[in-house]
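S.K.: sequence and predicted structure are below.
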Number of protein chains: 2
Amino acid sequence: MKLYRANILFTPSPEAFQIFEHGYIAVNENGLVEGVYEQLPEQFKSAEVIDFGDKLLVPAMNDLHVHAPQYRNHGIAMDMELLPWLNTYTFPEESKYKDPAYARRMYSRFVRDLWTVGTMRASIFATIHPEASCLLADLLNEAGMGGLVGLVGMDRNGPDTLSNTVEEAVEGTKRVLEHTKNMPRVSAIVTPRFVPSCTPEMMTALGQLALDKQLPVQSHLSENPSEIAWVAELEPESTCYGDAYQRYHMFGETPTLMAHCCYTDGEEFELMRKNHVFAVHCPTSNCNLGSGIAPIRRFLNAGIPVALGSDISGGSGFSIFKVMQYALQMSKLQWRNSGQKENFLSLSEVFWLATKSGGSFFGKVGSFEPGYAFDALVIDDSDLNFDNYSLPHRLERYIYLGDDRQIVKRFCAGFEIAEPKI
Amino acid sequence: MKLYRANILFTPSPEAFQIFEHGYIAVNENGLVEGVYEQLPEQFKSAEVIDFGDKLLVPAMNDLHVHAPQYRNHGIAMDMELLPWLNTYTFPEESKYKDPAYARRMYSRFVRDLWTVGTMRASIFATIHPEASCLLADLLNEAGMGGLVGLVGMDRNGPDTLSNTVEEAVEGTKRVLEHTKNMPRVSAIVTPRFVPSCTPEMMTALGQLALDKQLPVQSHLSENPSEIAWVAELEPESTCYGDAYQRYHMFGETPTLMAHCCYTDGEEFELMRKNHVFAVHCPTSNCNLGSGIAPIRRFLNAGIPVALGSDISGGSGFSIFKVMQYALQMSKLQWRNSGQKENFLSLSEVFWLATKSGGSFFGKVGSFEPGYAFDALVIDDSDLNFDNYSLPHRLERYIYLGDDRQIVKRFCAGFEIAEPKI
């Protein structure tokens, strides 16, 4: 049993933070939280306590939508909307991952940058390339971090250099699955890029693979009006964009992440609710590409699960703390645009999205309730806390003003995670 | 004459960056730019060149709307819209600046934080308190930075602890003006808080003061629907919110900054255009308070001058680089909402807003054209530039991904500016 003392903040539910000022957390030999306490319980009195002093201890971040092979492009090329952006900037960059040496150089930095900002688990789009995808899994695993790696299926409307056959996509995904089978926190996820990139044959095969192997699924949904119109053309029999996944068993029959959902409404909304499909909210990306903003309040009201994603490189930065900030801000613009009818998100709600809600895709992750994996960040905010702010205000200031400089320790599943080598 | 060598980027016009790869800039004894050159001109061949190697050299940032006495509150208290936010969080905090010791403690940090993010000049709202306002001017001046300090006039609808009489506001402003008369880059600005805070008597007196002393004016305009409705009630004879300043000679008769302008349209828009009133765009604040977003593209198309502001503490961070990012992003959402009709802003346009356009309020500031004050930042982006990005992409990556860590030198009016003591 390990015992840590710190100012502990987490969100068992979206409504409010649970706060333990100079509290204690016990973590067992399996890296799971045993309990959080105001006072050190009797049975631990003789145990050694690692004291983090006045620092904050919070659950680590979970990034539920990120493109590792867009690493080089993050922070540039923000002058187009989705479809031309894909063709002009993104597909040519992803094509480079045929070269394992290039992949190693970039993916090492990618994993290091996730670590830097305090993201301990991520659901990741790789490319069509099996070797590079397995390498990405290795790098995550060697770092001790958690994640799902998606070998991407795409067999139409992309460049030849970035297309695979149905068989290659299926075999490649199986290869990642096999490659990760002994990794404790890294696995594979079925990843059709998005409907415009996948023929019905590709969709059929990937859906069958997800069912056969009981694998989770990730893709993109209703990000942009031009994309939605294109899907309607390509899949005239689908009643909505979401139905174009549902028809192929990739809309909640196994755990499913759908990134963006900016224009999800009507039947698609109802399908997501009924099938417990996650909407992964990527507000920085949605701003950068001028996509639109997902109706998160309505998703939450309806019980549609929601997580946060950086969406590198549509999104410009890795920090999920900054994604929280955008989620708050965009919800306020929506509140304004709704004639002040639709309540904006609260700080505890967005924190819950980034931790417990997003983390749930990886199991019991993202909270400090008993039985949860101890994924945690120790934050030394002494430079920001120069005037005796309350603990909620300290966390709020960290979210708005802090960066990686204040994160002094990172834990995943009970292990302290060192900076990954690049 | 001083000579610097670096990768030099600036925006003489909004359309494009001027870029000198490993170029030279000559700065004369008055701290003014003599010229920027691809090759070292013959007449300087014998002079010493300070070589910044592969670093970037860009104009320093100008923050045209910021509230120094809201320093303690920045990064907290983002759960209300403008009017309740003012009453609940802001007015009580500003009341504390009656105490010069408190003011010194906070204003020192405020000036240090402007410096940290590379803002060398700012137009600042202080409080009603003359002593604290003069102290703020002292701190800016001692740092070597530039700015306009506004002693705030507010004689209605605020707490007693934060109200002054017409005479106190006029005399206080004169005191700041007198106090700064020998400061090379710090001066006073007439500052009615906003129409709801100022009786017609206050507006009359401050307008007269601006005319008599030929002082610039700053205030708030059309930030929020509730505020606009309130102004219409309070000033029934005004034909629009802008007219409630215009009637009192504070809408462009002397150089005028109006923060926000989220809902400026029709007559108000036309008045701003005709009178060359600056719209100070504060998109982070507008998001945080759910205010709305100003129609910057339409302002630019009409020739209305535009600058950027952090609006601490409605805005959450000091960095004008980050305000640029939000300006880009919000313009993309507006482009989307306009049915893709209203072009979004370009990187060079927002850079120009932050440098040459905003800087013009302080004179020839914000560019590296001959005769401009050498206000500059040296940026060591080697950690971000790990893969031979082009110079425009390096600057773009710095704007999206960088922070104060990469700013290694700061200049104001030719002087290198050291970190202000706190």
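M.R.: Yes, it's here. Residues are numbered from 1 along each chain as shown, chains lettered A, B, ... in the order given.

S.K.: quick one: strands adjacent to whatever helix or strand A:Gly53 lives in?
M.R.: Here A:Gly53 sits within strand A:49-59, counting by DSSP states H and E. Strand A:49-59 pairs in its sheet with strand A:2-13 (parallel), strand A:376-379 (antiparallel), by DSSP bridges.

S.K.: which of those sits most buried?
M.R.: strand A:376-379 (a mean of 24; mean count of other CB atoms under 10 Å in any protein chain shown). All C-beta spots, glycine's among them, are computed from the backbone N, C-alpha and C.

S.K.: got the contact list for that one?
M.R.: Contacting residues not belonging to strand A:376-379 are listed as A:6, A:52, A:55-61, A:118, A:368, A:398, A:402, A:406-411 [CB atoms under 8 Å, 6 or more residues apart in numbering or on different chains].

S.K.: again with stretch A:366-375
M.R.: A:8, A:10-12, A:18, A:25, A:27, A:31-36, A:59-60, A:62, A:120-121, A:146, A:354-360, A:362-365, A:376, A:411-414.

S.K.: what about the residues you listed, which are in strands?
M.R.: A:8, A:10-12, A:18, A:25, A:27, A:33-36, A:59, A:62, A:120-121, A:146, A:376, A:411-412 (DSSP state E).

S.K.: out of those residues, which are buried?
M.R.: A:8, A:10-12, A:18, A:25, A:27, A:33-34, A:36, A:59, A:62, A:120-121, A:146, A:376, A:411-412 (16 or more other CB atoms under 10 Å in any protein chain shown).

S.K.: next, the contact list for A:Asp311, please.
M.R.: Contacts of A:Asp311 (CB under 8 Å, 6+ apart): A:His65, A:Val66, A:His67, A:Ala259, A:His260, A:Cys282, A:Thr284, A:Ser285.

S.K.: nearest spatial neighbour of the most centrally placed residue in chain A, chain-adjacent residues omitted?
M.R.: The centroid of chain A falls nearest to A:Leu64 when counting by CA atoms, centre = their mean (1.6 Å). Using CB to CB, 6 or more residues apart in numbering or on different chains and skipping the chain neighbours, the partner closest in space to A:Leu64 is A:Ala307 (3.9 Å).

S.K.: what are the contacting residues of the helix or strand containing that neighbour?
M.R.: A:Ala307 is part of strand A:306-308 when elements are defined by DSSP H and E. By CB under 8 Å, 6+ apart, the surrounding residues in contact with strand A:306-308 are A:62-65, A:257, A:278-282, A:296, A:299-300, A:320, A:323-324, A:327, A:350, A:353-354, A:357-358, A:361.

S.K.: and chain A, which of its residues are near chain B?
M.R.: Taking CB under 8 Å from any CB of the partner chain as the criterion, chain A approaches chain B at residues A:72, A:74-79, A:109, A:284, A:287-293, A:316-317, A:325, A:328-330, A:332-333, A:335-336, A:344, A:346-347, A:384, A:386-387, A:389, A:393, A:396-397, A:399-401, A:403.

S.K.: quick check, the residue in the stretch 51-200 of chain A closest to chain B?
M.R.: A:Gly75 (3.9 Å; CB to the nearest CB).

S.K.: rewinding a little: what's the mean pLDDT across the strand holding A:Ala307?
M.R.: Mean pLDDT, computed over strand A:306-308, is 98.

S.K.: next secondary structure after that strand?
M.R.: Next element after strand A:306-308 (DSSP H and E): helix A:320-337.

S.K.: quick one, that next one and helix B:320-337 angle?
M.R.: 50 degrees (axes from the mean of the first three to the mean of the last three CA atoms, to 10 degrees).

S.K.: buried set for helix A:320-337?
M.R.: A:320-336.

S.K.: and if you look at stretch A:124-142?
M.R.: So for stretch A:124-142, counting by 16+ other CB under 10 Å, buried means A:124-141.

S.K.: which of the residues you listed fall within strands?
M.R.: A:Ile124, A:Phe125.

S.K.: phi and psi next, for the closest residue in space to A:Met324 that isn't next to it in sequence.
M.R.: Nearest residue to A:Met324, sequence neighbours excluded (CB to CB, 6+ apart): A:Val350, at 4.3 Å. Torsion angles at A:Val350 (phi, psi; degrees, to the nearest 10) stand at phi -70, psi -30.

S.K.: state the distance from A:Val350 to A:Tyr389.
M.R.: 19 Å (CB to CB, to the nearest Å).

S.K.: who has more neighbours, those two?
M.R.: Ranked by neighbour count (other CB atoms under 10 Å in any protein chain shown), A:Val350 and A:Tyr389 place A:Val350 first, with 28 against 17.

S.K.: please save the CA atoms from stretch A:362-378 in PDB.
M.R.: Extracted C-alpha coordinates of stretch A:362-378, given in PDB (Å, rounded to 0.1, in the frame of the first residue of the first chain):
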ATOM      1  CA  PHE A 362     -10.300   2.700 -20.500                       C
ATOM      2  CA  GLY A 363     -12.100   1.000 -17.600                       C
ATOM      3  CA  LYS A 364     -12.200   2.400 -14.000                       C
ATOM      4  CA  VAL A 365     -10.000   5.400 -14.800                       C
ATOM      5  CA  GLY A 366     -10.300   9.100 -14.100                       C
ATOM      6  CA  SER A 367     -11.500   9.300 -10.600                       C
ATOM      7  CA  PHE A 368     -10.100   8.600  -7.100                       C
ATOM      8  CA  GLU A 369     -13.000   6.500  -5.900                       C
ATOM      9  CA  PRO A 370     -12.100   3.100  -4.500                       C
ATOM     10  CA  GLY A 371     -11.100   0.600  -7.200                       C
ATOM     11  CA  TYR A 372     -10.100   3.300  -9.800                       C
ATOM     12  CA  ALA A 373      -6.600   3.100 -11.300                       C
ATOM     13  CA  PHE A 374      -4.400   5.700  -9.700                       C
ATOM     14  CA  ASP A 375      -3.800   7.900 -12.800                       C
ATOM     15  CA  ALA A 376      -2.800  11.200 -11.200                       C
ATOM     16  CA  LEU A 377      -0.900  14.400 -11.500                       C
ATOM     17  CA  VAL A 378       0.900  16.300  -8.800                       C
END
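
S.K.: sounds good, over and out.
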